[in-house]
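> Requesting a structural model of the entry that follows:
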Amino acid sequence: MYAIGVNPWVWASPVDDAALAELVPRIAGMGFDAVELPIEQPGDWDPGRTRDLLDAHGLVAAGVCAVTPPGRDLVAAAPAVVEASAAYLRGCVDSAAALGAPCVGGPVYASVGRTWRMSAAERAACYADFRRALAPVAEYAGERGVGLGVEALNRYETSVVNTVAQTVELIDGLPSNVGIMIDTYHLNIEEADPYAALAAAGPYLTHVQVSGTDRGAVGADHLDWPRFFATLATTGYRGAVCVESFTADNDTIATAASIWRPLAASQDQLATDSLTYLRQLLR
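I've put the predicted structure just below:
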């Protein structure tokens, strides 16, 4: 029913041409169908070379992941920062279009780890600022056949949107190619009923990321995965389902994602155990 993909962040950061040349054959050999591709910095990987590499190994590009380090913000930021962030997102759209990837997704509103308190009025103003900043990017993406998926993060990583309900409010009024990217890790932390939240996200779903509730292997955790996928089936979503986790061996990504210990015996095992579980569950 779903292509099953994986993010190379499971093994490496940054994901650049050299990392992809090593990892794409390994990912294909494990039996994955797809890869989602993060862009930490423009130019990390060449879209044409990456498309050819994926084609050579029978993989598809499930999507492009926008990355928002400090200084990459569309809200509560100086105009020059907002414009530079929008330009970065347009570059992500160009890469997705070159790959034939259906979407660009991520916490595209503000840098990860940036939090501040907002009154109801301040939050409404923040959301309005976001819509104004993203609208031209959405139009640019729509002209190129690319969707945008806005990802809610947990409360420790952002104060802008933590829940599906907030995300629906955030994107209200934006073009129809703007939707929601679900990440089960954040869903598990922030939603009182993650399955009801998934159903509410259904009409807007652009991309789905999965991981164990501890960022480890899918299925080796407490999420009710049969219920999750039964709910996902009711939404009509037919895109890829991609495993996202991170390596503890890279200081930058381990710190950014708060990975303080190994989450499996090896990163290969985290990926293959997740794939095996998903294949059995979705068979």
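
> now residue 206, what's its secondary structure?
Of the three states, residue 206 takes strand under DSSP: H, G, I helix; E, B strand; the rest coil.

> wait, it sits on residue 148?
Yes. Here residue 206 lies in contact with residue 148, judged by C-beta atoms under 8 Å, at a distance of 7.0 Å. The C-beta positions use only the backbone N, C-alpha and C, and glycine is treated the same way.

> quick one, which of those two is more surrounded?
Taking neighbours as other C-beta atoms under 10 Å, residue 206 and residue 148 compare with residue 148 leading, 30 against 23.

> got the contact list for the more buried one?
89, 93, 103-105, 108, 134, 137-138, 141, 177-179, 206 (C-beta atoms under 8 Å, 6 or more residues apart in numbering).

> Mind checking which of these are in strands?
103-105, 178-179, 206 (DSSP state E).

> Which residues does stretch 258-278 contact?
Contacts for stretch 258-278 (C-beta under 8 Å, 6+ apart): 4, 6, 10-11, 26-27, 30-32, 156, 210-212, 214-220, 225, 241, 243, 245-248, 253-254.

> Give the buried residues for stretch 41-60.
By neighbour count with 16 or more other C-beta atoms under 10 Å, stretch 41-60 contains the buried residues 44-45, 47, 50-51, 53-54, 59-60.

> Format the CA atom coordinates belonging to that stretch as CSV.
Listed in CSV are the C-alpha atoms of stretch 41-60, where the atom choice follows Å, rounded to 0.1, in the frame of the first residue of the first chain:
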residue,chain,number,x,y,z
GLN,A,41,22.9,23.5,3.4
PRO,A,42,22.3,24.3,-0.3
GLY,A,43,24.6,22.3,-2.5
ASP,A,44,25.2,19.5,-0.1
TRP,A,45,24.1,17.1,-2.9
ASP,A,46,23.6,17.6,-6.6
PRO,A,47,19.9,16.8,-7.7
GLY,A,48,20.8,15.4,-11.1
ARG,A,49,23.5,13.2,-9.7
THR,A,50,21.2,12.1,-6.9
ARG,A,51,18.4,11.3,-9.3
ASP,A,52,20.6,9.2,-11.4
LEU,A,53,22.0,7.4,-8.3
LEU,A,54,18.5,6.6,-7.1
ASP,A,55,17.4,5.4,-10.5
ALA,A,56,20.4,3.1,-10.8
HIS,A,57,19.4,1.4,-7.6
GLY,A,58,15.6,1.2,-8.1
LEU,A,59,14.7,3.8,-5.5
VAL,A,60,12.5,6.8,-5.6
